[in-house]
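> Fold the stuff below for me.
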Amino acid sequence: MTRLIAFLYGTIAYSVFLLSFLYAIGFLGNFVVPKSVDSGEASSLGMSILINAVLLGLFAVQHSVMARPGFKEWWTTFVPKSVERSTYVLFASLLLLLLFWQWRPMPTEVWNFEGSMVGTILTVVFWVGWVTVLVSTFLISHFDLFGLRQVWMRLKGQEYTHIGFRTPGLYQFVRHPIMFGFLLAFWGAPLMTQGHLLFTIATTAYILVGVKLEERDLLQAFGERYQNYLKTVSSVIPMPRKGGGGS
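Numbering: from 1, shown residues only. All right, here's what the predicted structure looks like:
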């Protein structure tokens with residue numbers, strides 16, 4: 001029964017993630033969803049910046065703190081290890097949905113290339129970004145990344161095994177293709193408003209800081225092998241390998 005409950009919990013957490021991921025596309029693209037980055041009732045500029053900064057900060061703190069090995073070690077004294085990842089995914093997804101719901105639009109235009117060739121190119125960049133994010137998760141282990149593999153293995157009574165360090169596909173040319181995809185999606189905006197730009201700059205800064213924290217943990221986990229990877233493969237922008245250091 002506890003295995004089944006854990007599996008159902010993991011499935012719900014994954015479903016909430018999927019909802020937040022799909023909503024994020026519409027949120028930044030200003031289509032389909034009822035509340036987007038540029039829709040809704042605008043507050044004063046100062047109040048909008050404050051509220052949006054708090055929302056972004058809540059997500060950044062949760063996303064970083066709960067991902068650290070030390071927190072995971074402490075957290076799993078209360079939460080079963082099999083649902084630790086699902087819980088992380090659930091909290092992150094709920095905070096994203098809160099951000100989408102409470103985001104204050106800042107509609108002043110920074111640039112507007114809609115209807116032009118530049119706008120078409122930026123739209124393509126937007127979609128390439130989201131596809132890159134999704135494909136990159138499957139290149140490593142999509143269902144492990146979002147907690148389903150852990151609860152499935154527990155349901156079957158199997159001991160969880162880490163997927164280990166692998167560099168398939170895009171990972172041969174960039175260490176963080178998921179983050180690269182997000183950057184494309186965030187900056188690929190034919191219409192860029194002040195609100196969209198605030199979101200994009202803040203998330204870009206978080207990505208650059210976050211990959212450093214993640215790589216520190218990965219270096220401790222995989223040692224010399226990951227050190228060689230750091231030396232030969234670029235961080236968030238795909239580039240030719242520097243040579244040496246197999247993966």
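
> Leu58 touches Leu95, doesn't it?
Yes: under the criterion of C-beta atoms under 8 Å, Leu58 is in contact with Leu95, at a separation of 5.6 Å. Yep, even glycine has a C-beta here, placed from its N, CA and C like the rest.

> ok, those two, which is more surrounded?
Neighbours per residue, other C-beta atoms under 10 Å: of Leu58 and Leu95, the larger number sits with Leu95, 19 against 14.

> how close does that one get to Glu159?
31 Å (C-beta to C-beta, to the nearest Å).

> Then Thr137?
Per C-beta to C-beta, Thr137 is found 24 Å from Glu159.

> which of the two has more neighbours?
For Thr137 versus Glu159, the count of surrounding residues by other C-beta under 10 Å is larger for Thr137: 18 against 6.

> so that one is in which element?
Element membership for Thr137 (DSSP states H and E) is helix 117-140.

> Same question for Thr161.
Going by DSSP H and E, Thr161 is not in any helix or strand.

> That one: how many residues sit nearby?
9.

> ok, for it, nearest residue in space, not its chain neighbours?
Nearest residue to Thr161 in three dimensions, chain neighbours excluded: Met153, at 7.9 Å (C-beta to C-beta, 6 or more residues apart in numbering).

> Could you list the residues in contact with the helix or strand containing the one you found?
Using DSSP H and E, Met153 maps to helix 148-155. Here helix 148-155 makes contact (C-beta atoms under 8 Å, 6 or more residues apart in numbering) with 3-4, 6-7, 9-11, 14, 81-86, 141, 143-144, 159-161.

> got the CA positions of it in CSV?
C-alpha atoms of helix 148-155 as CSV (Å, rounded to 0.1, in the frame of the first residue of the first chain):
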residue,chain,number,x,y,z
LEU,A,148,8.7,9.0,-11.8
ARG,A,149,11.4,6.4,-12.2
GLN,A,150,12.1,6.4,-8.4
VAL,A,151,8.5,5.8,-7.4
TRP,A,152,8.1,3.2,-10.2
MET,A,153,11.1,1.2,-9.0
ARG,A,154,9.8,1.3,-5.4
LEU,A,155,6.4,0.1,-6.6
